[in-house]
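K.L.:
Could you work out the structure for the sequence below:
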Amino acid sequence: MMGLYLEVLVVVLGSPESGVTTPSESAEELFARARDAASGRAPVPVNSWLPLLEHSAQLGHAPAQAMLGLAHAQGHTGVIDQQQSVLWFRKAAQQGDRNSAFNLVTLCTARPVCIQGTREQQLGWLQDAADSGLADASFELGNLLAEFEPERAYRAYMAASVVDHVPATYNAARMLALGSGDKLDADLMAAMHLFARAARAAHEHPKAAADARDALGRLRPLWLKQAESETGLDAMTKRFDEANRMPHEAEEACTSAWRRGMQHWQAFEEAYVAHASYENAAAAANLRLAVAVFSEMLDGGSCQATNGCKSRECLSSEYSSIRMDTASALNEYRTYLLLSKLAEGTRNLARDPSELAVAAGWHERLVQSDLCRELYAVAESDQSCFNDQLAAAITLRRRNNETTKAEALRLLGHQHAHAATHWITHLQTPRVFWPNLLAQPWWVAAQFGVATALEAAWRQGQLTSDLHRLLRKSALQDVDQFERITSSGAPISGRDGDDADAVGVWSEFMLFDGAKWNERRCAITIALCTVLRTAPEVAGDVRTADGAILGPQGQVTVFRLRPGAHVLPHVGVSNRRLVLQFPLAGFEGVGFRVANEWRNYSEGRAMVFDDSFEHEVVHNGPNERFVLYAVMHHPQLGVPALRNSVGDGHGTQEIGLNDMD
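P.N.:
Prediction:
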């Protein structure tokens, strides 16, 4: 706490007779006599001047009130009496005495309940004290202003924060995290920097530090989710810029490199949108250029500096407590952005077997970062980094025949205390794994009523009629066409030139997207929709043991696959679902692997498998393959029922997963 303002009272000296008062004396005259007595050179009893001072103060003379407050504060009345000191400083302050206002704020450690007065007086007194450098005053000023003047409150908090006032730092961070409409913009990155500072003060302010750690733990994944959803050059460049608020010698070169890499990335995306083919050479070339730039930023020299962040401006920065390699303009947030782009980009390039190890390496580096580990999934609807990138790394290592490394990565999933990655085998690594469900790659189709119904419809020729009607109308362009599987990361390859036209090697005719049936298309595939939309396993809900209701697990579609195509090894997103496939045409010469077992399609027979196991399709036949694909509930979740029979559907967890073969 800062010291009191000491200009008024210097010593307590005077003459014995000076304490006598007369009725005709004014408050000013009484104060003058008391002051003169108190400023003498020879020691005298306190009662020689104190009665004069008290009388003057009681008559409302502000200088006397100020002097009396100081006398009580310093013990010149015989005993230190803070309560009396506060009382007299308050009276003087209310009459405009600025020194008393400062002393009042100081003695009250800026607490408004102690200061009292009107709101306007409190604001004025606290502002004056804050302007004089009293951190507690800045903090309490911020508290008074937060609801009505958030921008001014934030400035007050920051004035205290720069001298390491931990509660003020926490409050400033909270204001930035929440924002306040058009009065104060939210800024998650600045908020995280400030929370990080507050969190490091556990010894001085354990409560504020603990709250800051909790807030930081919730904000970091939120920032990551926002970063993952950003698109476009300007938005991503702004995101990269905001990730570092500290001056750095290499800052300009580093941000310039990021923009250059993002320009290549944007060119890749634009080329791919124009022609969504894995054979799009222009898209692939720009993607490789982007990957090269981002790789150099991490492991090269564009973000490095000899002297790093050592300037006085940097060391005094409000963000100087953030972990950062002072030889680099990259902190953990920027590193995450780079690793995220490198993982995504190299996975798209990994159709080429020579790229598999490089892609896996970037995924592994991303998974090992603290930020990635903090964004994890425990349910299918959760956005995640850790689950997705670790599962992808395992698949890439397996595709590269590195099963030892795949197994090591599986065990890494067990080390995460919360993520749903406690996989049993590296052959079954969905992004969300439920350990108590029966796990087997292939299932007996006859145990599912929908499979039996489809086989009956096949025998009656209804499914063949559906397909012929669909192909005929499609050829005449009387109906929606088969649509290319457009994800740039879709695990597909084929013969040269086969992916060049509009629909490509792999396409689909969607009937149900997991939430709504396409009535226009169902009017063509009459038998398929009739069977499937009345099948509880596909279209129904399941009430689980804990009372939750799970809606349909995914889509119903007809897949078309050209001869020579290879659906590369991949895994589904959850083991709470199974997949039914029914061959409609062109299934000769098509091999299907789930886990370690290859099978072939049989005419008129459904196949059911668990797509959370690694699986792939190789088409060595002469004709286009057409198969029905339908996602079903795992039978151990509960007994599925159409929605009207399990309730009104309120509270249903719509998963709407979309994994394809």
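
K.L.:
contacting residues around the residue nearest the centre of the chain?
P.N.:
Nearest residue to the geometric centre of the chain (C-alpha atoms, centre = their mean): residue 222, 1.8 Å. Contact partners of residue 222, counting by C-beta atoms under 8 Å, 6 or more residues apart in numbering, are residue 188. Where you see a C-beta, it was placed from the backbone N, CA and C, and this is true even at glycine.

K.L.:
Okay, and it sits in which element?
P.N.:
helix 206-229 (DSSP states H and E).

K.L.:
Give me the distance from that helix to the chain's centre.
P.N.:
The chain centre lies 8 Å from the centre of helix 206-229; the measure is C-alpha atoms, centre = their mean, to the nearest Å.

K.L.:
Okay, buried residues for that helix please.
P.N.:
Neighbour counts over helix 206-229 (16 or more other C-beta atoms under 10 Å) mark 208-209, 211-212, 215-216, 219-221, 223-224, 227-228 as buried.

K.L.:
Also stretch 628-637?
P.N.:
628-635, 637.

K.L.:
now stretch 439-458
P.N.:
For stretch 439-458, by 16+ other C-beta under 10 Å, it's 439, 441, 443, 445, 448, 450-451, 453-455, 457-458.

K.L.:
between those residues, which is closest to residue 270?
P.N.:
Nearest to residue 270 among those, counting by C-beta to C-beta, is residue 441 at 40.1 Å.

K.L.:
and residue 623, that's in a helix?
P.N.:
No - secondary structure assignment (DSSP: H, G, I helix; E, B strand; the rest coil) places residue 623 in coil, not in a helix.

K.L.:
now it, nearest residue through space, not along the chain?
P.N.:
Once flanking residues are discounted, residue 623 sits nearest to residue 586: 3.8 Å by C-beta to C-beta, 6 or more residues apart in numbering.

K.L.:
How many neighbouring residues does that neighbour have?
P.N.:
20 (other C-beta atoms under 10 Å).

K.L.:
need the contact list for it.
P.N.:
621, 623-626.

K.L.:
CA atoms only: put the helix or strand harbouring residue 174 into CSV for me.
P.N.:
Residue 174 belongs to helix 166-178 when assigned by DSSP H and E. Output of helix 166-178 as CSV, limited to C-alpha atoms (Å, rounded to 0.1, in the frame of the first residue of the first chain):
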residue,chain,number,x,y,z
VAL,A,166,-3.3,-10.0,-10.1
PRO,A,167,-7.1,-9.6,-9.6
ALA,A,168,-7.0,-6.6,-12.0
THR,A,169,-5.2,-8.7,-14.5
TYR,A,170,-7.8,-11.4,-14.1
ASN,A,171,-10.7,-9.0,-14.5
ALA,A,172,-9.1,-7.4,-17.6
ALA,A,173,-8.7,-10.8,-19.2
ARG,A,174,-12.3,-11.7,-18.3
MET,A,175,-13.6,-8.6,-20.0
LEU,A,176,-11.6,-9.3,-23.2
ALA,A,177,-12.9,-12.9,-23.2
LEU,A,178,-16.5,-11.9,-23.0
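
K.L.:
Number the chain from 500, please
P.N.:
Will do, 500 is the new start, and the previous item becomes helix 665-677.

K.L.:
And the helix or strand hosting residue 602, what does it pack against?
P.N.:
Assessed by DSSP H and E, residue 602 sits inside helix 597-606. For helix 597-606, the packing partners by 3 or more C-beta pairs under 8 Å, 6 or more residues apart in numbering; DSSP states H and E come out as helix 561-573, helix 581-593, helix 611-614, helix 618-630.

K.L.:
With only the CA atoms kept, save it in CSV.
P.N.:
Coordinates of each C-alpha in helix 597-606 appear next as CSV, following Å, rounded to 0.1, in the frame of the first residue of the first chain:
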residue,chain,number,x,y,z
ARG,A,597,-8.0,15.9,-2.9
ASN,A,598,-5.2,15.0,-0.4
SER,A,599,-7.8,13.6,2.0
ALA,A,600,-9.4,11.7,-0.8
PHE,A,601,-6.1,10.1,-1.7
ASN,A,602,-5.5,9.2,2.0
LEU,A,603,-9.1,7.9,2.3
VAL,A,604,-8.6,5.6,-0.7
THR,A,605,-5.2,4.5,0.6
LEU,A,606,-6.4,3.6,4.1
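
K.L.:
So what's the gap between that helix and the chain middle?
P.N.:
On C-alpha atoms, centre = their mean, the centre of helix 597-606 falls 44 Å from that of its chain.

K.L.:
now the angle between helix 618-630 and it, please.
P.N.:
80 degrees (axes from the mean of the first three to the mean of the last three C-alpha atoms, to 10 degrees).

K.L.:
Mind listing what's buried along helix 597-606?
P.N.:
Those would be 597-606, for helix 597-606 by 16+ other C-beta under 10 Å.

K.L.:
any idea of the mean pLDDT in that helix?
P.N.:
Throughout helix 597-606, pLDDT has a mean value of 80.

K.L.:
and if you look at stretch 948-960?
P.N.:
On average, stretch 948-960 scores 98.

K.L.:
And stretch 581-589, by the same measure?
P.N.:
Here the average pLDDT along stretch 581-589 is 84.

K.L.:
contact partners of that stretch?
P.N.:
So stretch 581-589 is contacted by 556, 564-565, 567-569, 571-572, 576, 599-600, 602-603, 606-607, 613-616 (C-beta under 8 Å, 6+ apart).

K.L.:
Buried ones among those residues?
P.N.:
556, 564-565, 567-569, 571-572, 576, 599-600, 602-603, 606-607, 613-616.

K.L.:
Give me the local confidence score for residue 568.
P.N.:
83.

K.L.:
ok, back up a step: pull the most distant pair out of the buried residues of helix 597-606.
P.N.:
Top of the distance list for these (C-beta to C-beta): 597 and 606, 15.0 Å.

K.L.:
Poorly predicted segments of this structure, please.
P.N.:
500-523, 539-546, 744-747, 804-826, 986-989, 1143-1160 (pLDDT under 70).

K.L.:
So which residues of it form strands?
P.N.:
941-942, 982-983, 991-992, 1005-1011, 1041-1042, 1048-1049, 1055-1060, 1065-1069, 1076-1084, 1089-1093, 1096-1099, 1106-1108, 1114-1118, 1124-1132 (DSSP state E).

K.L.:
mind listing what the second one pairs with, with the direction of each?
P.N.:
Pointing back at strand 982-983 there. strand 1005-1011 (antiparallel) (DSSP bridges).

K.L.:
Brilliant, that's me finished.
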